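> sequence-free structure coming up:
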Ligand SMILES: *Cc1c(COP(=O)(O)O)cnc(C)c1O
């Protein structure tokens, strides 16, 4: 009941501006089923094995979104079914996604993760690196991936102005990349916003919010 209520409320806030990816990492299948019955059809996981197991046990019309750092040697396990990979953070992993997508005779849609937070992080491209990747000849050879937008995580802080500034910066960059669209690259999805900051993210132009604890309660 609580899950259904939370999903209803968040969906109402999103309206037609953004869509909800329910972040289900660490949560048991029963709760995912509840979310599904409440109308959620996009689930986000950050671990390959957990996503594979849950995918096997749940309805096939669920779109599985990978939101966590992806190791190259694990891409093959999700390649048959993953709907969107939010967390592409290197050319190396993009090449592997292409290879595995080809083996599965499909095209996998990806977002490039951009590092926008103040905190140090191993993951995510700089804007400069994104520009280099989009300009590289090698990207043109990766026929089984499509880059459909960007993902970013704001600094973990209560300072709203800081969060807003980071989201706005990513939105501006996203818009600037529309000039570089081609058959492989489109700027359709801007994945930003989590439980603590999705309201700000929507105001700043997010199209996909990734919300976990506001739906399912805190993770342990
Ligand atoms: C866990 C996670 C989320 C959801 O976080 P909540 O604060 O529980 O909403 C969103 N995005 C990523 C990349 C995550 O790892």
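Cool, the structure landed. Everything numeric here is computed off the predicted structure, so don't read it as measured data. Numbering: from 1, shown residues only.

> Contacts only, for the residue most central in space within the chain.
Most central in the chain under C-alpha atoms, centre = their mean is residue 86, positioned 3.1 Å from the mean C-alpha point. Residues near residue 86 by C-beta atoms under 8 Å, 6 or more residues apart in numbering: 44, 65, 66, 67, 111, 113, 151, 191, 208, 210. C-beta here means a position set from N, CA and C on the backbone, and glycine is covered the same way.

> can you tell me if the strand or helix carrying it touches the ligand.
Using DSSP states H and E, the element containing residue 86 is strand 84-88. No - Strand 84-88 stays clear of the ligand (C-beta under 6 Å from any ligand atom), getting no nearer than 6.8 Å.

> gap between that strand and the chain center?
5 Å (C-alpha atoms, centre = their mean, to the nearest Å).

> Beyond it, next helix or strand please.
Trace forward from strand 84-88 with DSSP H and E and the next one is helix 91-103.

> Which residues in that following helix does the neighbour count mark as buried?
The neighbour-count check on helix 91-103 (16 or more other C-beta atoms under 10 Å) flags 91, 93, 94, 95, 96, 97, 98, 99, 100, 101, 102 as buried.

> try stretch 181-198
Judged by neighbour count using 16+ other C-beta under 10 Å, the buried positions of stretch 181-198 are 184-195, 197-198.

> Between the two ends of it, how far is it?
27 Å (C-alpha to C-alpha, to the nearest Å).

> Ramachandran angles for residue 63?
Note on residue 63: backbone dihedrals following degrees, to the nearest 10 are phi -90, psi 120.

> Grab the nearest non-local neighbour of the residue nearest to the centre of the chain.
Residue nearest to residue 86 in three dimensions, not counting chain neighbours: residue 151, with 4.2 Å by C-beta to C-beta, 6 or more residues apart in numbering.

> State the distance from that neighbour to residue 11.
Residue 151 sits 21 Å away from residue 11, going by C-beta to C-beta, to the nearest Å.

> Residue 198 touches residue 213, doesn't it?
No - checked against C-beta atoms under 8 Å, the pair residue 198 and residue 213 is beyond contact range at 11.2 Å.

> Out of the buried residues of helix 91-103, which comes closest to the ligand?
Nearest to the ligand, judged by C-beta to the nearest ligand atom, of the buried residues of helix 91-103 is residue 93 at 15.2 Å.

> Which residues of the protein lie near the ligand?
Residues of the chain lying close to the ligand by C-beta under 6 Å from any ligand atom are 23, 25, 46, 67-68, 153, 194-196, 210-214.

> element containing residue 187?
Using DSSP H and E, residue 187 sits in strand 185-191.

> before we move on, what about residue 64?
In the assignment (DSSP H and E), residue 64 maps to strand 63-66.

> thinking again about what came up before, PyMOL command to pick out the buried ones of the residues of the chain next to the ligand?
In PyMOL syntax, the buried subset of these is picked out as below (16+ other C-beta under 10 Å):
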select buried, resi 23+25+46+67+68+153+194+195+210+211+212+214
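
> Identify those among the residues of the chain next to the ligand that sit within helices.
Cross-referencing the residues of the chain next to the ligand against helices under DSSP state H gives 213, 214.

> coming back round to it: quick check: beta-bridge partners of the residue nearest to residue 86?
Counting by DSSP bridges, residue 151 is bridged to residue 113, residue 191.
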